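1. would you be able to build a 3D model of this:
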Amino acid sequence: MSEFLFIQPCSPIRAKTVPAGDGWVHEVKFDGYRVQAHKVGSIVAIFSRHGRDFTECFASIARLLRELPAKAAVLDGEIVANDALGRPDFIRLQMRWPGAVHLWAFEPLAFNGRDLRPQPLVKRQGCLQALLDRFDCPAVSLSEPFEDGLALLRVAQARGLEGVVSKRRSAPYRSGECRDWRKVKTVAWRETNKERWRIFDRSA
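-> Numbers count the residues shown, from 1 in each chain. You can find the predicted model right below:
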């Protein structure tokens, strides 16, 4: 996919606690593959967090994104597969378990030729919300921002989710490790997934 310019994604730093204050918004940390989706005209490419071509791996999502109401766009997000209870199931995702996968989009990096990365987070999220409202595709959703990070972390713990990512409202999008993004994982998830680094090193 040489026609697409992969952008090094923003990576949250690890934190022990969710940051407090009005300067932050919080999102669910999904248990899946971090991806970057590029659309130019009717052509779509999906890359892993390290820039590997994942388009064929997630061809169903690529086909859907061809209909995204934009001439060109770059989306940062997470692809997940759910278990029978609707919870993200990484093993199903890795094994390409039969059934639907879902793209949770949380960052528009570019839209119709305009680089959105210098814009503050809240403006980027507003652009993404407007785009996905017009798209109306059940398999592609906005990663909803929440005001109360501690409450979201409690819900994530109770439901067996991976954790919470907190983002500074006013921050631009910066490639690489960034203190404007902070991740806190639930205790239960950390205990259950001690060896997950081996899987990620092989697959993403």
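
2. beta partners of residue 45?
-> When bridges are called by DSSP bridges, residue 45 pairs up with residue 38.

3. same thing with residue 184?
-> residue 164.

4. tell me the contacts of it?
-> Counting by C-beta atoms under 8 Å, 6 or more residues apart in numbering, residue 184 touches 14-18, 153, 163-164, 166. All C-beta atoms are positioned from the backbone trio N, CA, C, and that covers glycine.

5. is it possible to mark the buried ones in those?
-> 15, 18, 153, 163-164, 166 (16 or more other C-beta atoms under 10 Å).

6. for residue 48, state which of these is nearest.
-> Ranked by distance to residue 48 (C-beta to C-beta), the buried ones among the contacts of residue 184 are led by residue 163 at 20.3 Å.

7. would you mind confirming that the closest one makes contact with residue 185?
-> Yes - the pair residue 163 / residue 185 is scored as a contact, 3.8 Å apart, by C-beta atoms under 8 Å.

8. shared neighbours, these two?
-> residue 29.

9. biggest helix in the chain by residues?
-> Counting residues, the longest helix found in the chain (DSSP state H) is helix 121-135.

10. about what we covered before: could you work out the most separated pair of the contacts of residue 184?
-> 14 and 153 (14.0 Å).

11. can you tell me the element residue 92 falls in?
-> Element membership of residue 92 [criterion: DSSP states H and E] is helix 90-94.

12. name the SS class of the nearest residue to residue 49 once chain neighbours are set aside, please.
-> Spatially, and ignoring its direct neighbours in sequence, residue 49 is nearest to residue 34 (4.0 Å; C-beta to C-beta, 6 or more residues apart in numbering). Recorded secondary structure, residue 34: strand (DSSP: H, G, I helix; E, B strand; the rest coil).

13. contact partners for residue 34?
-> 9, 48-49, 76-78, 204.

14. and for residue 109?
-> Counted by C-beta under 8 Å, 6+ apart, residue 109 has contacts 7, 36, 74-76, 115-117, 173.

15. and the host helix or strand of residue 13, which strands flank it?
-> Secondary structure from DSSP H and E places residue 13 in strand 10-14. Sheet pairing of strand 10-14 (DSSP bridges) gives strand 176-185 (parallel).

16. okay, and the helix or strand of this protein with the least pLDDT?
-> Within the chain, no helix or strand scores below helix 196-203, which has a mean of 47 by mean pLDDT, DSSP states H and E.
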